[in-house]
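*Asks:* got a sequence here, can you model it:
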Amino acid sequence: MESNRGSKRGAWSLPLSIFLLSLPVLTAAQQKPAQQSAPAKQAAPPKAAPAAKPAANNAARPNANASRPGGAPGAPGARPGISNAANRPGAAAGARPAAPGAKPAATNTAAAGRPAAAVGSKPGAPGVAANKPGGAAGGDKPGAAGVGKSGGTAAVSKGTAPPKGGTSKVSARGNTNNFNAGGKRVSVQTKSGTTAKFDRGGRVSTIHTKSGMTINHGAHGERRFETRRPGGGRVVGYGHGRGFAEHGYYRGGRPYMRRTYYYGGRRYAYAYRGYYYGGVAYYGYVPAVYYGPAYYGWAYNPWPAPVAYGWGWGAAPWYGYYGYYFAPAPVYPYPSLWLTDYLLAANLQAAYEAQAAANAENIPADGFRQPAYGGGGDEAPAAMSAALKQEIAEEVKAQIAMEKEAAAHPEPAGNVSSVAPSSEQTGPDETPAALDPAHRIFIVSQVISSSTDDGTDCSLSPGDVLKRVDDTPDADSNVKVLVASGQKNDCGAGSQVPVGVQDLQDMHNDFRAKINEGLGKLAENQGKNGIPSGPPAAAKPNPAGQAQPDLTVESDLKSQQDEAGQAEKEVQDAASDNGGDDD
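*Replies:* Predicted structure coming up:
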């Protein structure tokens, strides 16, 4: 403070005439409009991919590169291993590890992904695809925006003031720790401006850095880093060089987002179409393939007789780990219930591998490594009910009908361009699935944080099930959801918490992607392991759903992870500098 006052006195000692002469220059600079980035060169249309071939029965083939079960949360196409083994659902799961250790056994391979949307995504204006598909991701200048303001997602306030009745402690080093009325630490602000919030167990839940990065820590060890790109798009990482990067582009005059994933040393990309609701831009998943109408009809209707299907998960580590929460149905009267267990298992496998990856890193235990089933103080949660699964299966069935209709009237692919259309908004408003009254159930596919009434955070983990309560978002673009089913140490089942509209939209995108993927797997298993034969899938590429990957996604993720590690250390140091015990 003294040095600042000294600087001010020095400034006022300048001759008044010099100061007055500078005013016109300053005024002109303030009034000069910001210069828009020059449009990048027009991107060449990506080549349509060949029709996707269903993977072999015992091992899904992710672009001929097998990976371990699941992948990181949101890793597209985390396919539950499917086997023709004789074991039926409910087979012995084996020992349940206290926490996923280093790498889980590669009992089932993950498939090439369909996109799983990242939680917390606020799709801003897609801007211009700054580079040609497959080109460098980071160096080109985005051009005109054209998608309008972003969809906003923050369900948790970035402020660090103590909740009502709470207190603050400022250390001699300038770090501020805030406590609720019960004396529990709820947030911290470092002397440099990085902020963090804590969950009920006293562990770091969310961090917001000075540069704008958001870091989420799940209750079971998951980590997610999100950085907004200038001009639109994001980089979202999960540690160990895994995650995705986005770039906006235009196809046929409509805004799109290309998302390039990087997992297991390989890149692949998927497309999302932009649209508006209330002046806010959202993005919806565009399937890379559509199936034949007869196959959609077969997948929609009940089977001639219930099927007792053997998934082959009995010895898989993730299956034992989540045995308290998830079990497949004993029989499947219709395909939609089979697909329900498929997508739930895919999310849980992905979450398990993310936990294993986080625990394998050298993360400080105090506040960062989240012990499985540790802290929080919650009672053991109930297993997901058969009635809730039935509700999910009805959502799956409705989505199959919608996909059949979309396949019958596919949107024209149009030319790929980096130039925004002449109008700011293209097309009428479209209600996003996140707010559509026809869609009430959402399955969490990425770790996200929400807030409780006492000012602490609670997390939602992949595999939790939410029911949207509100149809109209609040001023922060959040809606209330009911936690219909939750895992231990997550936001409690039966509680209502705010969740960002875009977070729900991302969940629905991933829901669609896994159904589309599961339909391919179901086609592969026709006539096997009790599943009746049906019409061929007749999968065909959807030109509008094709995208080529960016080449710099790996370096983007590496830079982001380095910055996140520095921010986490800074928060850890500030949290230990609270001048007393917060327990």
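*Asks:* hey, let's count contacts and neighbours off CA atoms from now on
*Replies:* OK.
*Asks:* mind checking pLDDT for Asp474?
*Replies:* pLDDT recorded at Asp474 is 91.
*Asks:* repeat for Ile363
*Replies:* Looking at Ile363, its pLDDT reads 48.
*Asks:* swap in the one 10 residues further on?
*Replies:* Looking at Tyr373, its pLDDT reads 33.
*Asks:* what of the one 10 residues further on?
*Replies:* According to the model's per-residue confidence, Ala383 sits at a pLDDT of 91.
*Asks:* wasn't it part of a helix?
*Replies:* No: according to DSSP: H, G, I helix; E, B strand; the rest coil, the state of Ala383 is coil, so it is not within a helix.
*Asks:* what's the neighbour count on it?
*Replies:* 15 (other CA atoms under 10 Å).
*Asks:* list the contacts for it?
*Replies:* Ala383 makes contact with Tyr324, Tyr325, Phe326, Ser485, according to CA atoms under 8 Å, 6 or more residues apart in numbering.
*Asks:* let's have those in JSON lines, adding distance to Tyr309, pLDDT and secondary structure.
*Replies:* Shown next, in JSON lines, are the contacts of Ala383 (distance: CA to CA, whole Å; pLDDT from 0 to 100; DSSP: H, G, I helix; E, B strand; the rest coil):
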{"residue": "Tyr324", "distance to Tyr309": "21", "pLDDT": "93", "secondary structure": "coil"}
{"residue": "Tyr325", "distance to Tyr309": "20", "pLDDT": "95", "secondary structure": "coil"}
{"residue": "Phe326", "distance to Tyr309": "16", "pLDDT": "96", "secondary structure": "coil"}
{"residue": "Ser485", "distance to Tyr309": "24", "pLDDT": "95", "secondary structure": "strand"}
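*Asks:* which parts of this structure are helices?
*Replies:* For the chain, applying DSSP state H gives helices covering 2-12, 16-31, 293-300, 317-321, 335-360, 386-408, 501-524, 553-575.
*Asks:* could you dump the ones you listed to TSV with mean neighbour count?
*Replies:* Below are those laid out as TSV (neighbours: other CA atoms under 10 Å):
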stretch	mean neighbour count
helix 2-12	10
helix 16-31	10
helix 293-300	19
helix 317-321	23
helix 335-360	26
helix 386-408	17
helix 501-524	26
helix 553-575	19
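*Asks:* and of the ones you listed, who's closest to Tyr262?
*Replies:* Closest to Tyr262 of those is helix 553-575 (CA to CA; 6.6 Å).
*Asks:* could you check how far the nearest residue to Asp436 once chain neighbours are set aside is from Ala434?
*Replies:* Spatial nearest neighbour of Asp436, chain neighbours left out: Asp471 (7.6 Å); criterion: CA to CA, 6 or more residues apart in numbering. Asp471 sits 9 Å away from Ala434, going by CA to CA, to the nearest Å.
*Asks:* same question, His240
*Replies:* Distance, His240 to Ala434, by CA to CA: 31 Å.
*Asks:* give me the more crowded residue out of these two.
*Replies:* Taking other CA under 10 Å, His240 and Ala434 do not tie; Ala434 has more neighbours (25 against 17).
*Asks:* check what pLDDT the closest residue to that one other than its chain neighbours gets.
*Replies:* Once flanking residues are discounted, Ala434 sits nearest to Gln505: 4.7 Å by CA to CA, 6+ apart. Predicted confidence (pLDDT) for Gln505: 93.
*Asks:* same question for the one 4 residues further on.
*Replies:* Asn509 is assigned 93 on the pLDDT scale.
*Asks:* so it sits against Gly284, correct?
*Replies:* Yes: the pair Asn509 / Gly284 is scored as a contact, 6.1 Å apart, by CA atoms under 8 Å.
*Asks:* pairing partners for Tyr256 in the sheet, please.
*Replies:* Beta-bridge partners for Tyr256, by DSSP bridges, are Tyr249, Arg273.
*Asks:* tell me how many other residues surround it.
*Replies:* Tyr256, neighbours per other CA under 10 Å, totals 31.
*Asks:* surely it is in contact with Tyr250?
*Replies:* Yes: the pair Tyr256 / Tyr250 is scored as a contact, 5.5 Å apart, by CA under 8 Å.
*Asks:* Gln189 and Ser449, how far apart?
*Replies:* Distance of Gln189 to Ser449, computed by CA to CA: 18 Å.
*Asks:* what do you get for Glu395?
*Replies:* Going from Glu395 to Ser449 by CA to CA gives 25 Å.
*Asks:* same check on Ser171?
*Replies:* Noted for Ser171: a distance of 27 Å to Ser449, by CA to CA.
*Asks:* which of the two has more neighbours?
*Replies:* Ranked by neighbour count (other CA under 10 Å), Ser171 and Ser449 place Ser449 first, with 30 against 16.
*Asks:* so who does the residue nearest to Asp436 touch?
*Replies:* Residues in contact with Asp471 (CA under 8 Å, 6+ apart) are Leu435, Asp436, Pro437, Val479.
*Asks:* tell me how many other residues crowd the third one.
*Replies:* The burial count assigned to Pro437 is 13, neighbours taken as other CA under 10 Å.
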